[in-house]
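# when you get a sec, could you give me coordinates for this:
(2 chains)
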Amino acid sequence: MIRYSRRAVLKASAAFAGASTFAIPSIVHGESDRIRVGHLTPLTGFLGALGTYATLGMKLAVEEINQAGGIMGRQLDVMSEDSVNPATAATKAQRMLEQDGATVLLGEINSASALTVMQVAARNKKLFMQTGARSDALRGKNCNKYTFHTDIPNTVMVNAVGQSLLRDNMVKDKKFYTLTADYIFGHDLLAAAKRFFGANQGNLIGDELIATDVTDFSPYLLKIRQAKPDVVCSNLAGNQVTTLIKQYSEFGLPYPIVGFNLNTADAWAAGDGNLSGTWPTVWYHTLDVPASKAFVAGFLKKYGKPPENHAWIEYVAFKMMAQAMTDTKSTDTDKLIAYFEKETEFDILKARKAHFRAWDHQLMQEAYPFTVRPKGQANDQWDFIALGTAVPKAGEPLEQLAPTQEQNPCSL
Amino acid sequence: MQFGFLLEQVVNGLVLGGYYLLISLGLSLIFSVGGIVNLAHGAFYALGAYGCVEITKYLGFGPAVVLSPIAVALLGILFERFILRRFYTADPILSLLVTFGLAMVAEQAIRIVWGAAPLSASIPPAFRGSVFLGDFLFSRYRLLILAVVAAVLLGVWLLLHKTSFGCVVRAGIQKPDMVAALGIRLQPYMTSIVMLGVGMAALGGAFFAPITIVHPAMGAEIITVAFVVVVIGGLGSFWGVVIAALLVGVVRGITIHFAPAAGEASIYVLMFLVLLVRPRGLLGERIEKFE
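Model prediction:
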């Protein structure tokens, strides 16, 4: 048997740690003519599949920006890492700003991690383009001056699906049973759902908080059967939704299921014939807009599969940031914030242009409810979603579904 | 009525326990015979699921759930022959490290080959939906899993208790020195045990692919529960693992019924209580080499 002394182990690990610390700065100094961006997104865990798509979207955007001559002649240089969990995300964000010379932070999907990165950005007075986290609290009571939010918030997702439910007479005096992801995002989504039920005489008869690593939903499904609701409603996150959809279809419960959150990568994984109901999305690759189609074609060519909504959001977020730097001819945080706060309009590959709302830094844009195509009508494995018409409708203000200034406690 | 629903949770828990059993039994056998805590066990479960999804595309679900575990069991031979075999007599920390490393390598390899996005898999149409027995609701597919688990269990029990192979394996758990003194090499038996163990894990993965998410980290997710089952059941005991697996399934179901927030914690509380009363697990035998 080989035994290592504690001293030998300590020496080896100290040497290893030392080597990795000293190796990095030498690279940094040689590339100061580049614009460095810190990109964090979950690549593992229950949001890992979404983060992987986000990274693909980021790479495509950076490639296009750099091929077109970069920003003010400077190339974009992105450090992209797995944010793992809220604590690690904050540590990595701090390191990227402090040691690695990042001018801007961009990314995230996990609302809890986004929150810690927002705090790091504020402490360092650097811009954070928060792409994929949807919790209302981030742009509400936790909002800060240095963070801009690209994805639709929970309230918008609830309202987007809610309008379809109201149209189909599925809310008033109906009994709802919800399943909720047990972390900040889920709690926040449940709160938005409760507000919606309350305002429209829906009746919430039961809710289950479900940890993000649960792989078997059967005990919860039996409880739902016992409660006999009119509608089952999912407030779950990431691949939890996939598990629910699969097992719900397995048990064949008769109650219609709807959801206030679903990312298309998780919908694709649910398998043919398992998904049903009405869900919200912020973007889908079949969207009939020329700019969107061009992006999908470029993505397909590079990766051999269509982009999902997190690939899209990373792509447009990088493009908006590049546009801001080019137009202000600066990477200065205050100038960039001022540029976004002017409510400058951006082409985000949708029918209508989008802008960041000045008082809560939330991107105002169209969203879409979607339903599932009947079995056999999909052209390919990515095509089983039938996108509804954009909300708000053309002609209505983009702010219509977002929380109002009275509802949102944000003060920057 | 309340009692009826509770009974339903108990039965559902038993079915779930049966699935935990497929993964835990192999883990327990490999530990009991070889003295190796196989942290890579979850990787074989994941490979079983991925193999099943791939083979289903070409041959359908039926052949896939048979072929995928067989393929993984064959992989188990390589795993035993080239990796595990070097660590039977080494410091346990080394086998922990190497299997832990292997679990990470396997997860990343899956990510490289199949991508991070989950694969889609569906239940074959014949087993969709649920069956009502009186007032009880059963998922038709889970009943199929239950039948498969029962058959596998019977097979493994017969193998261990009614064949000369099983006789040597059981002797090897308790008295490896004596077995060696009788001129029997345990290594070929260990190869078979590892094949059997990882094959069962892969079978679990293959059958669960249609109702859970087939993604790179699925092995890491299942391994914790599998360990809890092994620890509760106790080493060296076939029935200990069986009872523990069913108990874990039932306790989780009942806790979710009454106190949903404690549902996932309940199995750890159960482990704590069992260890408090019986430090070797429910039916764990005194095994000299581990004392």
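
# give me phi/psi at residue A:148?
Phi and psi for residue A:148, reported as degrees, to the nearest 10, are phi -120, psi 140.

# how about the helices in chain B?
Under the criterion DSSP state H, chain B contains helices at B:2-34, B:41-59, B:61-82, B:92-114, B:140-161, B:164-174, B:176-181, B:187-208, B:218-233, B:238-258, B:266-277.

# up against chain B, what does the stretch 201-350 of chain A have?
A:208-209, A:211, A:213-216, A:218-220, A:222-223, A:225-226, A:239, A:242-243, A:246-247, A:249-253, A:265-266, A:268-274 (CB under 8 Å from any CB of the partner chain). To be clear about C-beta, it is placed using only N, CA and C from the backbone, and glycine gets the same treatment.

# from chain B, how far off is residue A:170?
23 Å (CB to the nearest CB, to the nearest Å).

# dihedrals phi and psi, that residue?
Here residue A:170 shows phi and psi, under degrees, to the nearest 10, equal to phi -110, psi 20.

# and the pLDDT for it?
Here the pLDDT value assigned to residue A:170 is 91.

# residue A:306 too?
94.

# phi first, then psi, for it.
Main-chain torsions, residue A:306, degrees, to the nearest 10: phi -70, psi 150.

# quick one: residues contacting residue B:211.
A:246, A:247, A:250, B:123, B:141, B:142 (CB atoms under 8 Å, 6 or more residues apart in numbering or on different chains).

# my read: the last one touches residue B:15, true?
Yes - the pair residue B:142 and residue B:15 qualifies as a contact (CB atoms under 8 Å) at a distance of 4.8 Å.

# which one of these two has more residues nearby?
Set residue B:142 next to residue B:15 and count neighbours by other CB atoms under 10 Å in any protein chain shown: residue B:142 wins out with 24 against 20.

# returning to what we had before: filter the residues of the stretch 201-350 of chain A next to chain B to the buried ones?
For these, a neighbour count by 16 or more other CB atoms under 10 Å in any protein chain shown gives the buried set as A:208-209, A:214-216, A:218-220, A:222-223, A:225-226, A:239, A:242-243, A:246-247, A:249-251, A:253, A:265-266, A:268-271, A:273-274.

# take those residues and keep only those in helices.
Per DSSP H, those map to helices at A:218-220, A:222-223, A:225-226, A:239, A:242-243, A:246-247, A:249-251, A:265-266, A:268.

# correct me, but residue A:285 touches residue A:296?
Yes - counting by CB under 8 Å, residue A:285 touches residue A:296, with 4.8 Å between them.

# now do the shared contacts for the two.
Jointly contacting residue A:285 and residue A:296 under the rule CB under 8 Å, 6+ apart are A:306, A:307.

# more neighbours: these two, which one.
Taking other CB under 10 Å, residue A:285 and residue A:296 do not tie; residue A:285 has more neighbours (23 against 19).

# so the more buried one: helix, strand or coil?
Following DSSP: H, G, I helix; E, B strand; the rest coil, the label given to residue A:285 is coil.

# grab the nearest non-local neighbour of residue A:38.
residue A:96 (3.3 Å; CB to CB, 6 or more residues apart in numbering or on different chains).

# the one you found: how many residues sit nearby?
The number of residues near residue A:96, taken as other CB under 10 Å, comes to 25.

# show me what contacts the residue of the stretch 151-291 of chain B found nearest chain A?
Across the stretch 151-291 of chain B, the shortest distance to chain A (CB to the nearest CB) belongs to residue B:256, at 3.9 Å. By CB under 8 Å, 6+ apart, the residues touching residue B:256 are A:219, A:220, A:223, B:9, B:263.

# and residue B:150, by the same measure?
Residue B:150 touches residue B:18, counting by CB under 8 Å, 6+ apart.

# show me what the mean pLDDT comes to for stretch A:290-301.
pLDDT averaged over stretch A:290-301 gives 96.

# hmm, I typed the wrong one, I wanted stretch A:104-119.
Stretch A:104-119 comes out at a mean pLDDT of 96.

# and the closest residue to residue B:230 other than its chain neighbours, what's its pLDDT?
In this structure, residue B:230 finds its nearest non-sequential neighbour in residue B:28, 4.7 Å apart by CB to CB, 6+ apart. Reading off the confidence values, residue B:28 has pLDDT 92.

# can you give me the distance of residue B:28 to chain A?
From residue B:28 to chain A the distance is 21 Å (CB to the nearest CB).

# my read: that residue touches residue B:231, true?
No - using CB under 8 Å as the test, residue B:28 is too far from residue B:231 to be in contact (9.5 Å).
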